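In: Model the following, please.
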Amino acid sequence: MPATVPPQGSGPATTPNIFEEHRPTIDGYPWNLGSGVTFLIGMDFGTVHTTSVVDIAQNSTQLVKGNVTHARVLAGTRNETHFCIPSKVAISPGYPKALGEKAQCTMLFGHSVDGALENRGISDENVFDLLKLTLFPEYAADGTGPVGQLMKQTREKHNALIHTIQTKHDGMVLYKDTLKDREHEWGSQKISDMEDVVVAYLQFIWRNTMLEVAYAMGVKAKSGDWTFRKLREAFAKESHVAVSVPTVWSRTTQDRFLKLLDRAGFPSSTALVSEAVSAAICHFNMTSELEDHNGEPVNMIVADIGGATVDVAGVGKYFEAGSARFREIVPQRGSFNGSLTLNTLMDEHILDNLGQNWLQSVFQDPGWTAKIWSQHVTDGFEHAKREFDTRAEYSIKMLKVPKRALSKAIEKDARHPDFKLTPQGLHVDKSQVRTVYDKWLDGIFKIIDRSLDQFRKLHPDARPPLLALCGWGSLPPYILQKYKEKFSENNPILIEQQETSLIAQGNFATLTRADLFFKVPARESYGIRYEMLWKDVDAACQENQELEAARTEDGIWLPDRALWVVRKGESLVCPKGLFFVEGRTRVKAEAYGASFPFRWNLDILASGHDEILGTERYGAVSTAIANGRIRVVKALSIEIRQQDCKIKPTPGSQNFTEPCSLEFAFRIRVDCSTICPTMFISIPKERGVFKKRLDEYWREDPKECHTISVPLGLLHAHATLQGNSGVRLDPIESVEEEDEEEEEEADVDMD
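Out: Below you'll find the predicted structure:
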């Protein structure tokens, strides 16, 4: 890679050396506690485009409670007015490494895909677009309704490309920046399904963001460069990330997305933010004071029209001790009714008016199928719809038409005066376009109406909330026109801005606001079931008769107890994302007279209940499992051989009527530096005792101990504005719904 090659999208908005002051700090990584810097990243993974913004904080004390300035680096800025990276991936046959081998499959990302299409290096059939749709449950839709049609078409194209990769390239792809780069790839992956493709794109976005930071520091993006190597390490472990997600995503879908982010290398401090909430906070931050001892509360309902979904959130700003805080004023809502649905509705509208038979008679000669026709219509409308305004006197040109089809069409009588085929293409009168827009907007306005109605019920004495609208880059004038007509009493405004990424900057603001983020709490407690020493029980609890009765015959041990390593609500990222615990236990031989090998049957435990104090914390695990308070995450069986530990077994009893046992120390470390943490369980190799004391710098040494690793899955309460009082959007007060089931069905209506 060239010395200081700017990553995809870098341009005038990313000034080289803007972060140069931090280079000495990066060179000194790893840092001591309380020193160093933190990378703050706001990322908007969109259906059509993705954007991330980055800034650097010296440490957590720099986080502000007032207004937040915009992040200084916009990753993905090609020029001053275009900062988004296309959410698409493409494949292209490469070159075999040797004679007789299959051609390698190159995978391109973002702007490189568009560049290859323009240069005809690849065709549209080789492009994975609309990657975000694969994460929606509706991706498996049967093809009925606008959403079903969109999902079916997208799924069929994706499946065809996956099949090509698997059959022609043995499922392997090489990540490259351009088609011309024949020698160097920056990564590779086995592709089995669309989740692997999404992971590849997220890896690209993460890497591209890091390269943007390197460019802003003036650091050479070479693997041999000392500062660049240190920057990669620090960026992976010292970053806080907020990624926006649609409101309609369930907890299950969010968890699935988090696991993909984990596979792509995102850190444990990655949190998810509702897109509409992020837009609201960004707007408050840009237009009002967030540090004011006399500030008045303000309520706002924001509708974010994205490519796939429409998200509506009600956010109120109020002041506490002179600093603004935010609260939820109505429940968040969403529907699968984004701008892509508008394309499908237009295709259906044209087909209904012109008729299937007429279209077939016109396009059968050039070989256009109904599928090709629909694709051309939706592609054409995708560009034309962005500036639609009924105040202008024009029709919309939807697509170019093959000359052979045009000659046949001119011979036929016009089926509809508002749909005309001319040498310039298919033109649709603005009245017909307006009809489609109105049908689409009607569904969006119903969601906003429900939020307004509920606001009136919850806050009968409050002023009407402000209404704000944001959307895909720049919403057409007609949308704002209709919005103002419909909700004139609420003074609707458009809050999208061309020169910044609204959602990404909103995510960044949630990170930088000290009262909203910077603590990622564990969603559950995690630990193990073991046989603990009676002497380790608190003296006050040893007087409990129930615990006394549960002791072993020799009075030394208390079996079937829980040892928690991570406790619910603890921050998983401060100070270093590491948790340690040590103890001593014993295991018994499997039968009388038996000895080595011993087996340590170990249960990994999880509990969503708050910490229990007093004698109850020493309660039997089996009882807690039966009561649903604890569950077994994973059951392990660890074989301990004599040559592994060099410990002499202890007789079971003086008269040798019990199986012998093995006593040893153990240590557990949980590494929460990734979204899906890992638990490491170690026992010493000699005499059952560790040679080095346990501190925050201790790590498993294969020369001194045996270690097994256990993946724990998602461990943290990942939604930024939900979970605990220091991190969340203040919750809405409970309210009885008149018809909760009907409300829920309406919000998720996909057709």
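
In: helix or strand right after the longest helix along the chain?
Out: Longest helix in the chain, counting residues (DSSP state H): helix 430-458. Heading C-terminal from helix 430-458, the first helix or strand you meet, by DSSP states H and E, is strand 466-471.

In: which of the residues in that following strand are buried?
Out: Under the neighbour-count criterion of 16 or more other C-beta atoms under 10 Å, strand 466-471 has Leu466, Leu467, Ala468, Leu469, Cys470, Gly471 buried. Heads up, the C-betas are built off the backbone N, CA and C, glycines and all.

In: CSV please, covering the residues you listed and showing pLDDT and distance to Asp442.
Out: Output for the buried residues of strand 466-471, formatted as CSV (pLDDT from 0 to 100; distance: C-beta to C-beta, whole Å):
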residue, pLDDT, distance to Asp442
Leu466, 92, 22
Leu467, 94, 17
Ala468, 92, 20
Leu469, 91, 15
Cys470, 89, 19
Gly471, 82, 16
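
In: Throw these into a markdown table and include distance to Leu354, thanks.
Out: A markdown table is the format used below for the buried residues of strand 466-471 (distance: C-beta to C-beta, whole Å):
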| residue | distance to Leu354 |
| --- | --- |
| Leu466 | 43 |
| Leu467 | 37 |
| Ala468 | 38 |
| Leu469 | 33 |
| Cys470 | 35 |
| Gly471 | 29 |
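
In: Out of those, which is nearest to Leu258?
Out: Nearest to Leu258 out of the buried residues of strand 466-471 is Cys470 (C-beta to C-beta; 24.8 Å).

In: Give the bridge partners for that closest one, please.
Out: Under DSSP bridges, the beta-bridge partners of Cys470 are Asp304.

In: Verify the stated contact: it with Pro492.
Out: No: taking contacts as C-beta atoms under 8 Å, Cys470 lies outside contact range of Pro492: 11.3 Å.

In: on that earlier part again, what's the closest of the buried residues of strand 466-471 to Leu426?
Out: Nearest to Leu426, judged by C-beta to C-beta, of the buried residues of strand 466-471 is Gly471 at 25.7 Å.

In: Go ahead and confirm the closest one touches Asn337.
Out: No: under the criterion of C-beta under 8 Å, Gly471 is not in contact with Asn337, lying 12.0 Å apart.

In: all helices of the stretch 601-750 of the chain, in order?
Out: Counting by DSSP state H, counting those that start in this stretch, the stretch 601-750 of the chain has helices at residues 621-626, 642-645, 740-747.

In: tell me how far the shortest one is from the chain's mean position?
Out: Yep, that's helix 642-645 we're talking about. Here the centre of helix 642-645 is set off from its chain's centre by 45 Å, with C-alpha atoms, centre = their mean, to the nearest Å.

In: what sits opposite Asn299 in the beta ladder?
Out: When assigned by DSSP bridges, Asn299 has beta-bridge partners Gly316.

In: now swap in Met43 and tell me
Out: Residues in beta-bridge contact with Met43 (DSSP bridges): Ser52, Val243.

In: Give me the below-cutoff pLDDT ranges for the stretch 551-700 of the chain.
Out: For the stretch 551-700 of the chain, applying pLDDT under 70 flags the ranges 573-576, 592-594, 611-615, 652-657.

In: Strands of that one, start to end?
Out: Along the stretch 551-700 of the chain, the segments classed as strands by DSSP state E, counting those that start in this stretch run 557-566, 578-588, 598-607, 631-640, 661-671, 678-684.

In: between the ones you listed, which gets nearest to Ile56?
Out: Nearest to Ile56, of all these, is strand 578-588, at 23.1 Å by C-beta to C-beta.

In: what helices or strands is the closest one leaning on?
Out: strand 525-533, strand 557-566, strand 598-607, strand 661-671 (3 or more C-beta pairs under 8 Å, 6 or more residues apart in numbering; DSSP states H and E).

In: Export those as TSV, with columns for mean neighbour count and distance to Ile281.
Out: Output for those, formatted as TSV (neighbours: other C-beta atoms under 10 Å; distance: least, C-beta to C-beta, whole Å):
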stretch	mean neighbour count	distance to Ile281
strand 525-533	22	31
strand 557-566	20	29
strand 598-607	20	32
strand 661-671	20	32
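
In: okay, the ones you listed in a markdown table with distance to Tyr29 next?
Out: Conversion of the helices and strands packed on strand 578-588 to a markdown table gives the following (distance: least, C-beta to C-beta, whole Å):
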| stretch | distance to Tyr29 |
| --- | --- |
| strand 525-533 | 29 |
| strand 557-566 | 25 |
| strand 598-607 | 32 |
| strand 661-671 | 18 |
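
In: Of all those strands, which one is nearest Trp206?
Out: Within these, the stretch nearest Trp206 is strand 661-671; the backing value is 19.1 Å (C-beta to C-beta).

In: Could you list every helix and strand in contact with that closest one?
Out: Here strand 661-671 touches strand 525-533, strand 557-566, strand 578-588, strand 678-684, going by 3+ C-beta pairs under 8 Å, 6+ apart.

In: average model confidence for the longest helix of the chain?
Out: Averaged over helix 430-458, pLDDT sits at 93.

In: so how far is it from its chain's centroid?
Out: The answer for helix 430-458 is 28 Å, by C-alpha atoms, centre = their mean.

In: Give the helix, strand or coil label for Ser374.
Out: For Ser374, the secondary structure call by DSSP: H, G, I helix; E, B strand; the rest coil comes out as helix.

In: how far away is it from Asp347?
Out: Applying C-beta to C-beta, to the nearest Å, the value for Ser374 to Asp347 is 5 Å.

In: Just want to know which of these two has more residues nearby.
Out: Asp347 (24 against 20; other C-beta atoms under 10 Å).

In: which SSE is the more buried one in?
Out: Here Asp347 sits within helix 339-354, counting by DSSP H and E.

In: circling back to that earlier point, packing partners of the longest helix of the chain?
Out: The helices and strands touching helix 430-458, judged by 3+ C-beta pairs under 8 Å, 6+ apart, are strand 298-305, strand 310-320, strand 323-335, helix 339-354, helix 477-486, helix 740-747.

In: Compare the helices and strands packed on strand 578-588 and give me the one nearest Ala308.
Out: That would be strand 598-607 among the helices and strands packed on strand 578-588, by C-beta to C-beta, at 33.2 Å.
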